[in-house]
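Asks: could you work out the structure for the sequence below:
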Amino acid sequence: MFGKSQELQEKCNLILVAGKLRVEETEDYEEAEEIKKLYAIIDQYNLHAKIRWLGVRLSKSLSGEIYRVIADTQGIFVQPALFESLI
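Replies: Numbering: from 1, shown residues only. Next up, the predicted model:
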């Protein structure tokens, strides 16, 4: 986990792509709870200066391009999903 790895934090910042940044931006209870969890993790591991949280939804093609740029520069890219495919 990024928050627990000092070595990883020293090497790169974390970019988190998610649809909403604030609880008050959503009427969905589950989404609001996940937003609260993310803020709690950021606070718990003091990641305020080490994370960029983007409140956007990206198209698949744009996500792929961003992923490639970040991977090429040995960064970390996280794009949460409502569900994960088993395939």
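Asks: give me the phi and psi for the residue nearest the centre of the chain.
Replies: Nearest residue to the geometric centre of the chain (Cα atoms, centre = their mean): residue 16, 2.1 Å. Backbone torsions of residue 16, given as degrees, to the nearest 10, read phi -110, psi 120.
Asks: surely it and residue 52 touch.
Replies: Yes: with contact defined as Cβ atoms under 8 Å, residue 16 counts as touching residue 52 (7.1 Å). C-beta here means a position set from N, CA and C on the backbone, and glycine is covered the same way.
Asks: which residues of this structure fall in strands?
Replies: In the chain, the segments counted as strands under DSSP state E are 14-18, 51-55, 76-78.
Asks: of those, flag the one that's most buried.
Replies: Stretch with highest mean neighbour count among the strands of the chain: strand 14-18 (a mean of 18; mean count of other Cβ atoms under 10 Å).
Asks: what angle do it and strand 51-55 make?
Replies: 20 degrees (axes from the mean of the first three to the mean of the last three Cα atoms, to 10 degrees).
Asks: centre of the chain versus strand 14-18, how much separation?
Replies: Distance, stretch centre to chain centre, for strand 14-18: 3 Å (Cα atoms, centre = their mean, to the nearest Å).
Asks: list the strands paired with it, with their directions.
Replies: Strand pairing for strand 14-18, using DSSP bridges, gives strand 51-55 (parallel), strand 76-78 (parallel).
Asks: could I get the ones you listed in TSV, plus columns for distance to residue 44?
Replies: Formatted as TSV, the strands paired with strand 14-18 follow (distance: least, Cβ to Cβ, whole Å):
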stretch	distance to residue 44
strand 51-55	12
strand 76-78	17
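Asks: turn the strands of the chain into a markdown table, columns for distance to residue 7 and mean pLDDT.
Replies: Formatted as a markdown table, these follow (distance: least, Cβ to Cβ, whole Å; pLDDT from 0 to 100):
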| stretch | distance to residue 7 | mean pLDDT |
| --- | --- | --- |
| strand 14-18 | 14 | 80 |
| strand 51-55 | 16 | 83 |
| strand 76-78 | 13 | 73 |
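Asks: can you list those strands in TSV and add distance to residue 6?
Replies: Converted to TSV, these look like this (distance: least, Cβ to Cβ, whole Å):
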stretch	distance to residue 6
strand 14-18	13
strand 51-55	15
strand 76-78	14
